[in-house]
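# the following block contains a protein sequence and its predicted model.
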Amino acid sequence: MFVKHLFDKATHKQHEHIPDDNVSSKKSTEINVQIAVHYGIPYTASTMAFDPIQRLLAIGTLDGRIKIIGGDNIEGLLISPKKVPFKHLEFLQNQGFLVAITNENEIQVWNLEFRQLFSSSQWETNLTAFAVVPGTCFIFLGDENGLFSVLKYDMEDGTVKTMPYHIPSDSLAEKTGISSVDPQSIVGILPQPNTFGTRVLIAYQRGLLVLWDISENCAIAIRGNVQTKQNNFPASELEEASEEDERQEEEMEICSLCWASGTGSVVAVGYTTGDIYLWNLSPNKGFSHKGKEAEGTSNNALKLQLASGDRRLPVIVLHWSPNSRGEGNRGGHLFIYGGDEMGSEEVLTVLSIEFPTGFESMRLISRVDLCLNGSFADMILLPDSVAPEKTPSSALFVLTNPGQLNIYDCIHFSTQKAETEESYANAEKFPVLVPTVDPNITITKLCTLSTKVLKKFHATKVGRPPLLGGTKWPLTGGVPSEMSLSKERLIERMYIAGYKDGSVRIWDSTFPILELMFVLNGKLAGMGIGGENTSVSALVFCPITLTVAVGDECGLVRVYKLHENVDDEGHMLQNGKGIQCNAAAMVSNSPVRTLSFTKVGQFLSVGFENGQVAVLQVSNLSAIFCTELSPETSSPVISLLEITTQGDLSPIESPKSPKVQKELLISLTKDAHLSVLDASTGVPISALALCEKSDITAVSLYALDLHAKEAKDTSKDHKSSENNTEAMKAQNSNLDEMSSTDDLAADQLLLICCGDVLLLHSLGYILMGLDKHLKKIELPEHCCWSALYRNVEKNSIDLLLVYQTGSVEIRSAPDFKIVGQSSLMSILRWSFKTNMDKTMSSSDGQISLVNGSELAIISILAAENSFRIPESSPCLHDKVLAAAVEAARSASSNQKKRQEQIPGILGGIVKGLKGGRGDNSPKFTDTLQLEALLSTFPFAEQSVDALDEEEFNIDDIIIDDVEIDEPMGCGPSSMQNVGKQTKSDNEREKLFEGSSEVSKPRMRTQQEILTKYKFGGDAAAAAAHAKDKLMQRQEKLDRISQRTAELQDGAENFANLANELVKNMEKKKWWNI
């Protein structure tokens, strides 16, 4: 028969592209899926990071994903190979890389430009602290054993390298003189501001704080469990530190810390007991590098309590924002999560603190509690874009579960702006491009414009609105692609969504950056029809007439004609009123469940909840017909299909009737009942119950047009097809009697997808009321959603099935062979949820999905690359901005060096005459200098000075330890080698430069001697000479490091050779030796 011949030929053609396996076999290839679009914050979001220069926000999740958010609707999604939570996340600022540490202590480095994982390394111990030196590629790590380590990400090699510099806990105890205790975990690492990573605060679990100077390999300040006098914080909310508290100090463990000053002189530390201590880290004059302070030290700690109860929550998070009034180190705002009584309402506390005359004058100005919308996950302060390291924060981002992000304008926290506490608590929800929760999304439609008559929507582009306090939107990172910015490009794809409030939104989804085109509200002005603002339940779009039809829960149908708002050149017209509803009608009080355009968009078919079917004329929505309500067809209509056939359908018993073109309307209900109607009159032609099971659930209905494939394959050999036909005849011999009606709709096959079974029927058999399927496949799981698409690359028709468990399966049609398998969990880290199928839609192999606050569009046909990725994808790293910032920094640094070159030397001479070391802060501003410091082990037993004496000539003056801005003082004995006193007062005055203290000669530095006598007072020449010596010393250090590496390699090679020799000797018998 002709029907079976078509089916067999299609089956044979599919066999040419897939292996001849059993249908139930699980041997299949993994689906090559491309995530083209992703918007929204994952509900498993747990941690955040921010790049203050590139203005990008990163959000890590508990399932191994990283969400990147920039400006201009630019968003990206990074998926880790393992489904493991992230516990640390930090940008390599302005470098285009993101460092993440998982709960399994895997260190990952992501390249934002290519959106790929460039480096992954496993750390042997549990990492408990993490920090990135701002402006560099150096990473500070702390582990559970108290080991401080340094890593460097090499951009050229794309690898993470371990630097020689590390600080074991026992070496630190020996160096500082602290009594050695059991190894403690490092719970916090804070690079000190304005030190370029050469000073770092290391916090140990049991309360020890060490401010370490990497350039000098010594501790600058030690706080915490050392003997310090505590002052109570002068505020009503705080209590005096009792003797019992002091006795329990050793039991307090640190769980959070942050700098509480712009200069790094004060640190705020939160403890497990709910207490907060503000520690003064300014080095005391009597401080010794061995860790012991002289008697009579100043007060170094102030205690803060947010609640007076005995049982308080640990202080989990602390953040500091400098005072917005620009008063330097005189105050700011401390953001605290924790410290309240157990069982109290979950809040985020903001304290406004000032210390006008110094640390001891610190006072509390105000306190505000911010109520949280959900359980707390993380918070981050976004600094001003002008100078991130010095200016106050512009916005506060608070992340709560599940995946909710609230924004506060930090200008409200200023005491000058806030008059009442209510003004503090004005939180804004993070604005989203595609709303899914507020308002709640109910139905979606992904459409392809085959006509391509629309050009890019030319709306007046308005950026993100400012925050409530007037602050500019803080996220502006990323660069859109040039393809998406083209003014004359055509709109190829649209994404339409219906909402519970009755509104409909339309986006241009041609490229990965969606652009909102229209918002269609549910109001019907002047039409006199009820049901406004009712939840949208059905959507359909006609790409030929550019018409959108909307159905709601009240049975109301609305039509919007977009083509009336398009000019002759294909551009959308802007009339200020938006798109108005052209027609509306309500032919049934039952909710609309499905819509379908027929006859090239001239008519609209409507399926209702109660099983009724209606056909409306699109021009005015007048009803052509509406079927009667019947108890037998009370199940919801889930699918409508229009088919054109050749034949006289009225007397089916007369096959010789003249063939006339007929329009059929086929409806499928949820209980798997199929009905065939005359599309012009609504007269029933045939009805059929597809399954005997009462609990069967129909999912979708498709028409397979195999006639075109038959015409294309006429020149091929049909031997195998004929064999398959014979086999089919043997299995279905009872179908031979219907050969007289094979010419009736012979080229139409109907594919019915149900929850547990796939059915393939011939339209001719259905028209005759015969339940004779051509193919039936039992599904391994319950199917919830399906999509049919044409695979152009393989010249085949594929069926995508999504199961209730989240599994995804692709089968070829019409033989239903499995050609690919995957899951929503492996693709997007999603689990299938109830009613998710209602917000899924497809178009030409592109699938749109909604899960909570997330929207994703994935491409099953990744090889076709409909979105033209990566050319059309926005770049998450702005190279132009990065180059401009680096050039500005370099120019500023060079100018500053030129300005300070001479005064710096003369100032150092003056400081040397006074015998002091001057400013105690390091002056390193070069990455190479920092790398040189981190390339050696700080506690190695070697003397660089001895090496210098061997390599330099005796006539050269040793200036290895000279610091241009910080000259070291020399003792009076060095002055005896410079010159002798004479009897002449003029010579004495010339020698001592006017000093009247003849018996007490002034101390002179090596740099002073060189400037005065070797260079004739030329400070510039002295500076150049000192720079040359420093460069020579750097070269020597590099040679030493290289020699050390070579020795280590030689030792490893020798050890490997010895191990191999041992193995070879073990295999030999004693008599063979």
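Structure's in. What do you need?
# beta partners for Leu89?
Counting by DSSP bridges, Leu89 is bridged to Ala100.
# I'd guessed it sits against Ile107; true?
No. The criterion here is CB atoms under 8 Å, and Leu89 misses it with Ile107 at 11.7 Å. In this view, the C-beta of every residue, glycine as well, is placed from N, C-alpha and C.
# need the overlap of contacts for those two.
Each of 99-101 lies in contact with both Leu89 and Ile107 under the rule CB atoms under 8 Å, 6 or more residues apart in numbering.
# nearest to Cys554, of these?
Of all the shared contacts of Leu89 and Ile107, Ala100 has the smallest distance to Cys554: 48.9 Å, by CB to CB.
# residue contacts, the closest one?
By CB under 8 Å, 6+ apart, the contact set of Ala100 is 60, 66, 80, 86, 88-89, 107-110.
# let me have these in a markdown table, extended by pLDDT, distance to Ser509 and secondary structure.
Shown next, in a markdown table, are those (pLDDT from 0 to 100; distance: CB to CB, whole Å; DSSP: H, G, I helix; E, B strand; the rest coil):
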| residue | pLDDT | distance to Ser509 | secondary structure |
| --- | --- | --- | --- |
| Gly60 | 97 | 27 | strand |
| Ile66 | 98 | 23 | strand |
| Ser80 | 96 | 27 | coil |
| Phe86 | 97 | 30 | strand |
| His88 | 96 | 35 | strand |
| Leu89 | 97 | 29 | strand |
| Ile107 | 97 | 36 | strand |
| Gln108 | 97 | 31 | strand |
| Val109 | 97 | 32 | strand |
| Trp110 | 98 | 26 | strand |
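# most neighbours, which of those residues?
Gly60 (28 neighbours; other CB atoms under 10 Å).
# so where does Lys82 fall, helix or strand?
Per DSSP states H and E: Lys82 is located in neither a helix nor a strand.
# quick one: contacts for it?
By CB under 8 Å, 6+ apart, the contact list for Lys82 reads 64, 102, 104, 106.
# tell me the SS of the closest residue to the second one other than its chain neighbours?
Using CB to CB, 6 or more residues apart in numbering and skipping the chain neighbours, the partner closest in space to Thr102 is Val84 (4.4 Å). Counting by DSSP: H, G, I helix; E, B strand; the rest coil, the backbone at Val84 sits in coil.
# per-residue confidence for Val84?
Looking at Val84, its pLDDT stands at 96.
# which residues sit in contact with it?
For Val84, the contact set (CB under 8 Å, 6+ apart) comprises 64, 102-104, 106.
# residue ranges of the helices in the stretch 51-200 of the chain, please?
With DSSP state H, counting those that start in this stretch as the criterion, the stretch 51-200 of the chain has helices at 169-176.
# where are the low-confidence patches of it?
180-181 (pLDDT under 70).
# all strands of it, in order?
Secondary structure of the stretch 51-200 of the chain (DSSP state E, counting those that start in this stretch): strands at 56-61, 65-69, 75-79, 86-92, 97-102, 106-111, 116-122, 127-132, 138-143, 148-154, 159-167, 186-191, 199-204.
# just send those strands back as JSON lines, with distance to Leu828 too.
Listed next are these as JSON lines, based on distance: least, CB to CB, whole Å:
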{"stretch": "strand 56-61", "distance to Leu828": "11"}
{"stretch": "strand 65-69", "distance to Leu828": "8"}
{"stretch": "strand 75-79", "distance to Leu828": "8"}
{"stretch": "strand 86-92", "distance to Leu828": "17"}
{"stretch": "strand 97-102", "distance to Leu828": "19"}
{"stretch": "strand 106-111", "distance to Leu828": "18"}
{"stretch": "strand 116-122", "distance to Leu828": "17"}
{"stretch": "strand 127-132", "distance to Leu828": "27"}
{"stretch": "strand 138-143", "distance to Leu828": "30"}
{"stretch": "strand 148-154", "distance to Leu828": "28"}
{"stretch": "strand 159-167", "distance to Leu828": "28"}
{"stretch": "strand 186-191", "distance to Leu828": "34"}
{"stretch": "strand 199-204", "distance to Leu828": "38"}
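# which one of those strands lies closest to Phe1054?
So among the strands of the stretch 51-200 of the chain, strand 159-167 is nearest, using CB to CB, at 20.8 Å.
# what are the buried residues along stretch 400-418?
Going by neighbour count (16 or more other CB atoms under 10 Å), the buried part of stretch 400-418 is 400-401, 403-413, 418.
# pull the most distant pair out of those residues.
Distances among the buried residues of stretch 400-418 were taken as CB to CB; the most separated pair is Gly403 and Ala418, at 29.3 Å.
# what lies in contact with stretch 514-527?
In this structure, residues lying in contact with stretch 514-527 by CB under 8 Å, 6+ apart are 37, 39, 73, 433-434, 457, 459, 494-495, 501-508, 532-534, 536, 548, 550, 552, 558, 560, 562, 572, 578-581, 584.
# in strands, which of those fall?
37, 39, 494-495, 504-508, 536, 548, 550, 552, 558, 560, 584 (DSSP state E).
# now, of those residues, which are buried?
Using 16+ other CB under 10 Å, the buried members of the ones in strands among the contacts of stretch 514-527 are 37, 39, 494-495, 504-508, 536, 548, 550, 552, 558, 560, 584.
# from those residues, pick the one nearest Pro938.
Checking these against Pro938 with CB to CB, the nearest one is Tyr39 at 48.0 Å.
# who's the closest one bridged to?
On the basis of DSSP bridges, Tyr39 is bridged to Leu855.
# quick one: pLDDT of it?
Here, the pLDDT recorded for Tyr39 equals 97.
# for Ala1045, see how far away Glu1052 is.
Distance, Glu1052 to Ala1045, by CB to CB, to the nearest Å: 11 Å.
# how about the nearest residue to Thr125, chain neighbours excluded?
Asp143 is the one closest to Thr125 (CB to CB, 6+ apart), at 4.3 Å.
# burial count for that neighbour?
Using other CB under 10 Å, Asp143 is surrounded by 19 other residues.
# repeat for Gln1048
Using other CB under 10 Å: Gln1048 sits among 10 other residues.
# could you do Ala307 as well?
With other CB under 10 Å as criterion, Ala307 counts 16.
# repeat for Lys561
Neighbours of Lys561 under the rule other CB under 10 Å: 20.
# tell me who's in contact with it.
545-547, 582.
# okay, who's weakest in the residues you listed by pLDDT?
Ranked by pLDDT, these bottom out at Asn582 (84).
# Leu562 is in contact with that one, correct?
No. Between Asn582 and Leu562 there is no contact under CB under 8 Å: 9.9 Å.
# returning to what we had before: which of the contacts of Lys82 are buried, as a ChimeraX select command?
The ChimeraX selection below is limited to those of those classed as buried (16+ other CB under 10 Å):
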select :64,102,106
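# shouldn't Ser1041 be within a helix?
Yes. Ser1041: assigned to a helix according to three-state DSSP.
# quick check: it vs Pro938, distance?
Noted for Ser1041: a distance of 14 Å to Pro938, by CB to CB.
# neighbour-wise, which of those two wins?
More crowded of Ser1041 and Pro938, by other CB under 10 Å: Pro938, with 19 against 14.
# and which of the buried residues of stretch 400-418 is nearest Ile202?
Checking the buried residues of stretch 400-418 against Ile202 with CB to CB, the nearest one is Cys410 at 29.3 Å.
# spatially nearest residue to that closest one, not counting backbone neighbours?
Once flanking residues are discounted, Cys410 sits nearest to Ser393: 4.7 Å by CB to CB, 6+ apart.
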